[in-house]
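Visitor: pasting the sequence and the predicted model now:
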Amino acid sequence: MPEVAPSALAPFRNPRYRAYWLTGLAANFGWLIQGVGAAWLMALIGGSPSMVGLVQTSIAVPMMLFALPAGAVADALGKRTIILWSQVLLFVFSATLAAAAYFGLLAPWSLLLFTFLVGSGKALNNPGWQTMASELVTREELPQAIALNSVGFNLARTMGPAVGGVLVATVGAFAAFLVNALANLWVVFVARKWPAGERRTGLPPEPVGGAILAGLRYVALSPNMLVVMARGAIFNFAGISVMALMPLVARDLIGGDSRTYGLLLGAFGLGAVVGAFVSNRLARRLSPEWRVRLGFALFALATFGLGESRTLLLSIPAAMLAGGCWLMTLSTLNTTVQMSAPRWVVSRCLALYQTAIFGGSAAGGLLWGLIADHGSLTLSMTGSAAVMALGAAAGLVLSLRDFDAASVDIHAPWTAPESRLDILPKSGPMLCEIEYRVPAANEAAFLAAMAQRRRARLKRGARRWTLSRDLTDPEHWTERFKTATWIDMQRMHLRRSVSEAQLSQQLRELTDPSLPMKLRYQLVRDPAAEARPEDGLVRAVDP
């Protein structure tokens with residue numbers, strides 16, 4: 001039985017989190033109001049159903065392209081840095097879009113270009129913004145903080161679309177874009193006062209290119225992360241039909257206008273707000289896996305209902321149910337990512353998760369729009385509901401694992417060896433060599449433990465890991481791995497988790513106690529290459 005979760009509102013006791021949440025609420029209002037303006041404007045200027053679907057795709061594609069670099073910058077340089085720069089870009093793009101709309105300069109493809117640019121700014125902002133919650137609250141309150149973030153977004157979804165619909169109908173789409181620009185500008189003024197954050201290791205920031213590769217490597221070697229991303233991609237692939245085709249549901253199935261569209265989006269958002277509290281209660285009774293399965297199944301039912309309904313009396317409850325399932329499923333998956341990733345790589349893991357789910361959104365928005373264009377809107381909604389139902393069944397194969405704190409908590413700081421070479425941070429390649437003497441009776445257990453160690457080392461940045469056995473002394477084993485530079489070696493060791501420290505203790509118990517493990521750090525040298533400062537000079541030894 002899962003442990004009792006904190007109150008759904010517990011994070012609000014923290015004043016820093018309250019300020020962060022309110023700032024996010026303002027940004028979400030602007031974002032949702034602009035989204036209504038873009039989707040409705042596309043329908044008005046002659047866009048086909050597939051072009052209306054491409055509005056969501058043009059927002060989702062940048063999330064795939066730029067989320068990982070943004071996550072790498074957030075991990076390396078700090079969350080405030082990436083938030084500030086991305087909000088400045090959002091202001092510039094949104095203000096330009098407002099001006100273009102005001103002067104009547106937009107055609108369907110130019111509108112898609114601007115939504116792509118605005119989506120790019122949002123993609124740069126998201127990893128740092130979302131993982132900042134983990135810096136403000138305790139681990140026990142993190143699921144509630146993530147759910148409250150979604151509540152803030154969906155409060156904006158509840159009222160923002162209605163405001164957006166009124167603005168578009170009475171003033172024009174440019175007003176919706178201008179509101180978003182002003183909201184982004186306000187976030188800039190608030191976020192610049194936030195603390196820059198501390199560098200935990202004392203090492204210089206990791207280069208962005210290397211940080212991206214490190215994030216990719218970590219996720220590729222983390223089966224549970226891959227499962228979360230696959231489930232999220234499936235959910236968004238099927239579920240995006242509701243958001244992408246909602247303007248057409250309002251106009252063609254119900255026979256309404258932009259206000260009807262705003263009401264449906266408002267119902268979706270209200271359902272999400274209610275869903276946050278329901279999800280918190282379900283967390284006390286159901287595992288994350290079962291909450292995700294329930295979200296898939298009920299969202300399929302809601303999507304089918306939206307496709308078949310011809311009246312607001314049925315469509316509004318269906319939209320509310322979809323909103324509740326949307327929040328419960330995605331906040332559960334988001335929480336799983338953030339609680340399963342160490343702090344040093346959490347923004348990159350979340351960025352890759354977002355890449356996966358927005359990739360699903362991009363593909364789904366295109367597919368369901370094309371089906372609505374060449375088939376029918378009802379057929380498109382029914383098809384996406386069927387895929388969502390299959391996604392619920394996918395949990396039988398791609399099941400979420402329980403969270404293990406020991407796998408993400410960092411162990412005590414590592415002490416570098418005293419080197420008799422004057423080496424620089426960029427000196428390398430570096431070779432680490434560890435010798436073990438393992439009695440024959442412990443061989444099977446030793447190999448099983450070393451398989452875990454290999455994965456752990458590679459996730460932290462080791463390269464070319466090998467385990468070898470001496471032909472003349474079968475009980476003598478040697479583990480070797482490399483890093484590109486000395487500073488990479490330091491980073492790798494400073495990322496060791498509690499579970500890896502426990503694994504090291506297990507390995508000690510499997511070795512011959514009379515012959516302890518031997519550890520050596522070596523600087524690899526090309527004898528034919530010209531000497532460089534980073535190759536190190538022998539340090540004099542005091543007499």
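Guide: Nice, thanks for sending it over.
Visitor: tell me who's in contact with the most centrally placed residue in the chain.
Guide: Ranked by distance to the mean C-alpha position of the chain (CA atoms, centre = their mean), the top residue is residue 350 at 2.1 Å. By CB atoms under 8 Å, 6 or more residues apart in numbering, residue 350 lies in contact with 71, 126, 127, 130, 131, 334, 337, 338, 341. (Each C-beta comes from the backbone N, C-alpha and C, glycine too.)
Visitor: surely the last one is in contact with residue 349?
Guide: Right, residue 341. Yes: using CB atoms under 8 Å, residue 341 is in contact with residue 349, at 4.0 Å.
Visitor: where does the stretch 401-543 of the chain have low pLDDT?
Guide: For the stretch 401-543 of the chain, applying pLDDT under 70 flags the ranges 403-409, 411-412, 531, 533-543.
Visitor: go again using 80 as the cut-off
Guide: Scanning the stretch 401-543 of the chain for pLDDT under 80 picks out 402-415, 428, 526-543.
Visitor: and the helices in it?
Guide: Listed in chain order, the helices of the stretch 401-543 of the chain (DSSP state H, counting those that start in this stretch) span residues 443-460, 486-494, 498-510.
Visitor: what is the last one packed up against?
Guide: For helix 498-510, the helices and strands in contact under the criterion 3 or more CB pairs under 8 Å, 6 or more residues apart in numbering; DSSP states H and E are helix 443-460.
Visitor: mind listing residues that contact the helix it packs on?
Guide: 217-218, 221-222, 436, 438, 465, 467, 477, 479, 481, 491-492, 495-497, 499-500, 503, 506-507, 510-511.
Visitor: and stretch 15-25, by the same measure?
Guide: In contact with stretch 15-25 (CB under 8 Å, 6+ apart) are residues 11-12, 129, 132-133, 136-137, 145, 148-149, 152-153, 155-156, 186-187, 190-191.
Visitor: what comes up buried for stretch 224-241?
Guide: 224-225, 227-241 (16 or more other CB atoms under 10 Å).
Visitor: then stretch 178-195?
Guide: By 16+ other CB under 10 Å, the buried positions in stretch 178-195 come out as 178, 179, 180, 181, 183, 184, 185, 187, 188, 191, 194.
Visitor: do the same with stretch 216-223
Guide: Those would be 217, 218, 219, 221, 222, for stretch 216-223 by 16+ other CB under 10 Å.
Visitor: is it possible to get a markdown table of those that adds distance to residue 103, secondary structure and pLDDT?
Guide: Listed next are those as a markdown table, based on distance: CB to CB, whole Å; DSSP: H, G, I helix; E, B strand; the rest coil; pLDDT from 0 to 100:
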| residue | distance to residue 103 | secondary structure | pLDDT |
| --- | --- | --- | --- |
| 217 | 48 | helix | 93 |
| 218 | 47 | helix | 92 |
| 219 | 45 | helix | 93 |
| 221 | 52 | coil | 92 |
| 222 | 50 | coil | 90 |
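Visitor: out of the residues you listed, which is nearest to residue 432?
Guide: residue 217 (17.3 Å; CB to CB).
Visitor: tell me the contacts of the closest one?
Guide: By CB under 8 Å, 6+ apart, the neighbours of residue 217 are 458, 459, 461.
Visitor: what's the neighbour count on the first one?
Guide: One way to gauge burial is a neighbour count; for residue 458, by other CB atoms under 10 Å, it gives 18.
Visitor: ok so, going back, what do residue 341 and residue 349 both touch?
Guide: 218, 225.
Visitor: list buried residues within the contacts of stretch 15-25.
Guide: For the contacts of stretch 15-25, buried by 16+ other CB under 10 Å: 11-12, 129, 132-133, 136-137, 145, 148-149, 152-153, 155-156, 187, 191.
Visitor: state the pair within these that is farthest apart.
Guide: Among these, 137 and 156 lie farthest apart (CB to CB), at 21.0 Å.
Visitor: pop the domain breakdown of this structure in here.
Guide: 11-197+207-403, 407-535 (automatic domain parsing).
Visitor: ok, the spatially closest residue to residue 85 that is not a sequence neighbour - contacts?
Guide: Leaving out its chain neighbours, the residue that sits closest to residue 85 by CB to CB, 6 or more residues apart in numbering is residue 124, at 7.1 Å. By CB under 8 Å, 6+ apart, the residues touching residue 124 are 66, 69, 70, 82, 85, 86, 89.
Visitor: what does residue 39 give?
Guide: 52, 55, 56, 246, 247, 261.
Visitor: closest to residue 164 out of these?
Guide: For the contacts of residue 39, the nearest to residue 164 is residue 261 (8.8 Å; CB to CB).
Visitor: how many other residues sit next to that closest one?
Guide: 26.
Visitor: what's the pLDDT at the closest residue to it other than its chain neighbours?
Guide: Leaving aside its chain neighbours, residue 261 sits nearest to residue 250 (4.0 Å; criterion: CB to CB, 6+ apart). On the pLDDT scale, residue 250 is placed at 89.
Visitor: show the pLDDT at residue 203.
Guide: 76.
Visitor: in the stretch 1-150 of the chain, which spans are helices?
Guide: 15-44, 49-77, 79-102, 108-131, 133-136, 142-170.
Visitor: okay if I get those helices as JSON lines plus distance to residue 322?
Guide: Below are these laid out as JSON lines (distance: least, CB to CB, whole Å):
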{"stretch": "helix 15-44", "distance to residue 322": "16"}
{"stretch": "helix 49-77", "distance to residue 322": "15"}
{"stretch": "helix 79-102", "distance to residue 322": "27"}
{"stretch": "helix 108-131", "distance to residue 322": "22"}
{"stretch": "helix 133-136", "distance to residue 322": "25"}
{"stretch": "helix 142-170", "distance to residue 322": "11"}
